[in-house]
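Engineer: This is the structure alone, sequence omitted:
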Ligand code: KIV
């Protein structure tokens, strides 16, 4: 049975933690889906971990649509949430609706995620009124990296914490079905999780959220020279890939690869005929 939004909300009611992960391609989506991950986020972190940009501001609608389509093709059960990239949800509510509509109609996503709190709430209302489910995202909002001059924990002081709380409440009041809490103090995330009826999904927000989200590349150690503080590496994929590639290159150099099983043989008589024909074929 495909995962639905009411099912995600019921997980909060049952006190069942929600393990969400990012995915950007069909193969990874399929793997994560098979393991039982209920929500796949096609995050605009795509910009850094797949496309090689310094931050998410260069990611376009076309980039996101392309990768969302791939994830939708790979999933069987999971709910696919597409991240609305820089400026795609903030220029106007109408523009946001057009863009969100493309994620649903063209790419087959089941919901979109928008960054921002009180300021984006009217847009969330507009999307919802048109039938587009929305996941909110408050606290650290990476699309504001140029304004904020880096990635910093949000909501440490009393006024800043109150703003994050206001943002989370605004996103819920506007109709979001869930909200990401990124890089805020553990106690603040616990308070927001208790205050909201919708599930909170934390990243760098401590253990008391209703769920957690991680970037898949961080989880598997695909980017060995950088691991955010909030991430835990469960395997060392980069080291494993390097070792495999090293062996492959060595086996090609020493002609150990490919072995007969990796190829196809043909009838020796045909080979012989071709050899005989070679001279006349060369002569034209
Ligand atoms: O883009 C992304 O991957 C995200 C998550 C980290 C929440 O927004």
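Structural biologist: Received the coordinates, thanks. Remember, it's a predicted structure, so these values are computed and weren't measured experimentally.
Engineer: near the ligand, which residues of this structure?
Structural biologist: Contact residues, the chain versus the ligand (CB under 6 Å from any ligand atom): 22, 41, 43, 44, 45, 83, 180, 182, 203, 213, 215. The way it works is simple: take the backbone N, C-alpha and C, and place the C-beta from them, glycine included.
Engineer: Residue 5: neighbouring residues, count only.
Structural biologist: 16 (other CB atoms under 10 Å).
Engineer: Oh, that last question was meant for residue 97, not what I typed.
Structural biologist: For residue 97, using other CB under 10 Å, the count is 17.
Engineer: rewinding a little: taking the residues of the chain next to the ligand one by one, which sit in strands?
Structural biologist: With strands taken from DSSP state E, the overlap with the residues of the chain next to the ligand comprises 22, 41, 83, 180, 182, 203, 213.
Engineer: Neighbour-wise, which one of the residues you listed leads?
Structural biologist: When neighbours are counted by other CB under 10 Å, residue 83 leads these with 31 neighbours.
Engineer: who touches that residue in this structure?
Structural biologist: Counting by CB atoms under 8 Å, 6 or more residues apart in numbering, residue 83 touches 41, 42, 43, 44, 45, 46, 64, 112, 113.
Engineer: Quick check, the fourth one in contact with residue 87.
Structural biologist: No - with contact taken as CB atoms under 8 Å, residue 44 and residue 87 are classed as non-touching, separated by 11.2 Å.
Engineer: Comparing those two, which residue is more hemmed in?
Structural biologist: The neighbour comparison of residue 44 against residue 87 (other CB under 10 Å) goes to residue 44, with 29 against 14.
Engineer: List the contacts of that one.
Structural biologist: Counting by CB under 8 Å, 6+ apart, residue 44 touches 56, 59, 64, 83, 84, 85, 86, 142, 143.
Engineer: List just the nearest of the residues you listed to residue 208.
Structural biologist: Lowest distance from residue 208 to the contacts of residue 44 (CB to CB) belongs to residue 142, with 22.3 Å.
Engineer: how long is stretch 112-124 from one end to the other?
Structural biologist: End-to-end distance of stretch 112-124 (CA to CA, to the nearest Å): 10 Å.
Engineer: And for it, what's in contact with it?
Structural biologist: For stretch 112-124, the external contacting residues (CB under 8 Å, 6+ apart) are 41, 43, 81-84, 89-90, 93, 96, 100, 103-104, 127, 132-138, 141-144, 163-164, 166-168, 170-171, 173-176, 180.
Engineer: Need the contact partners of the one helix or strand residue 164 maps to.
Structural biologist: Per DSSP states H and E, residue 164 falls inside helix 158-174. Applying CB under 8 Å, 6+ apart, the external contacts of helix 158-174 come out as 116-118, 120-122, 124-125, 128, 134, 136, 138-139, 154-155, 179, 181, 184-185, 188, 191-192, 195-198, 200.
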